[in-house]
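Participant: quick one: sequence plus predicted model below, questions after.
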Amino acid sequence: MNSGLGKMKITHQILKQRQGLPLEAKIIFSQKRIREWHDHWLGQTYIAFSGGKDSTVLLDLVRELYPETPAVFCDTGLEYPEIKDFVKTIPNVIWVKPKLTFKQVLDKYGYPIISKNIARMLHELQTRPKDSLTYILRKTGINSKGEFHTTSKLPQKYEYLENASFKISDECCAILKKNPSKEYEKISKRHPYTGVMAADSRMREAEYLKHGCNAFNNKRPISTPLGIWLEQDIWDYIKLKQIPYSKIYDMGHLRTGCMFGVHLESSPNRFEKMKEQHPKIYDYCINKLELNKILDILKIKY
């Protein structure tokens, strides 16, 4: 088996060069990584399929090479109906569910606002003693050795959220998405392809620089064949191959993932659109889940 060891170190410059490749070259690049992953695990792989545009392209790329590869859709209860309707049109998709509902996760752990990293820092500031090393690290960026690291400090613009009237946590994604997928992996002995791109976030870029597309030696091995792609590449591929995708994107939605990324959106944001397009879901989110108090404190229109 190909262990994936002995790779050259990936720098920011190498990543930028790869991101600047034409689509045809990126397709070849991704196909090579897909084959490496398939061969390494002797075909015991699966596609993490969210029904969104990125995983739709991933599904097409993988199944063009290995048509029998199963896809796994995690039904968290937060997906748009248009996403679920689209997933139902795809053959060989296994549906999995989390053990807790979204409301139970919010009640027990807290709201995953801004980003996973920011939510984790805020959770630590809310729950750790003020004289603890973790609290001091998040407040000042200074670690136990007296060294300052700017990435360890909560950004000043979010400091006011430490005293919010609600709990904040980064546990949501792990409980609703990762845990059901891990359970499937444990039972099936399969290893995932995911539609993650380095351009998605700083955290994902850091992961790509560390592991490349195929993280063979991670505690949870994972493949990201689209690692060097950009969002425009996704749409160009869909147009080139004329592959079907969820109609939610034709309704003005740019993102279909975590609703707590709303702070990145301009008006009309997903909640403003939800009010018009999915009034029942809007009522559930704003009133039953009490997202109104979150959006109010973040000064986000809804």
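Facilitator: Structure's in. What do you need?

Participant: domain ranges for this structure?
Facilitator: 12-105+172-243, 113-163, 258-302 (automatic domain parsing).

Participant: which among those domains is found nearest to Asp250?
Facilitator: domain 12-105+172-243 (9.1 Å; C-beta to C-beta). All C-beta atoms are positioned from the backbone trio N, CA, C, and that covers glycine.

Participant: chain center to that closest one, what's the gap?
Facilitator: 10 Å (C-alpha atoms, centre = their mean, to the nearest Å).

Participant: what's the mean pLDDT across it?
Facilitator: The pLDDT scores in domain 12-105+172-243 average 95.

Participant: that one: end-to-end distance?
Facilitator: By C-alpha to C-alpha, to the nearest Å, the extent of domain 12-105+172-243 from end to end equals 32 Å.

Participant: and stretch 130-149, by the same measure?
Facilitator: 19 Å.

Participant: what do you get for stretch 43-63?
Facilitator: 12 Å.

Participant: then stretch 290-302?
Facilitator: 12 Å.

Participant: neighbouring contacts of it?
Facilitator: Outside stretch 290-302, the residues that touch it by C-beta atoms under 8 Å, 6 or more residues apart in numbering are 111, 113, 161, 164-166, 259, 262-263, 267, 269, 271-272, 275, 285-286.

Participant: at 6 Å what do you get?
Facilitator: 111, 262, 267, 271, 285-286 (C-beta atoms under 6 Å, 6 or more residues apart in numbering).

Participant: right, so of the domains of the chain, which gets closest to Gly252?
Facilitator: From these, taking C-beta to C-beta, the stretch that ends up closest is domain 258-302, at 5.9 Å.

Participant: on that earlier part again, the contacts of stretch 290-302 in strands, which ones?
Facilitator: In strands, defined here by DSSP state E, there are no members of these.

Participant: out of those, which sit inside helices?
Facilitator: Counting by DSSP state H, the part of the contacts of stretch 290-302 found in helices is Phe271.

Participant: now the buried members of the contacts of stretch 290-302.
Facilitator: When those are checked for burial by 16 or more other C-beta atoms under 10 Å, the buried set is 111, 262, 271, 285-286.

Participant: quick one: the helices in the stretch 101-250 of the chain, in order.
Facilitator: Using DSSP state H, counting those that start in this stretch, the helices of the stretch 101-250 of the chain run over 102-108, 116-127, 133-140, 171-173, 179-188, 202-211, 231-241.

Participant: out of the ones you listed, nearest to Ile28?
Facilitator: That would be helix 231-241 among those, by C-beta to C-beta, at 12.7 Å.
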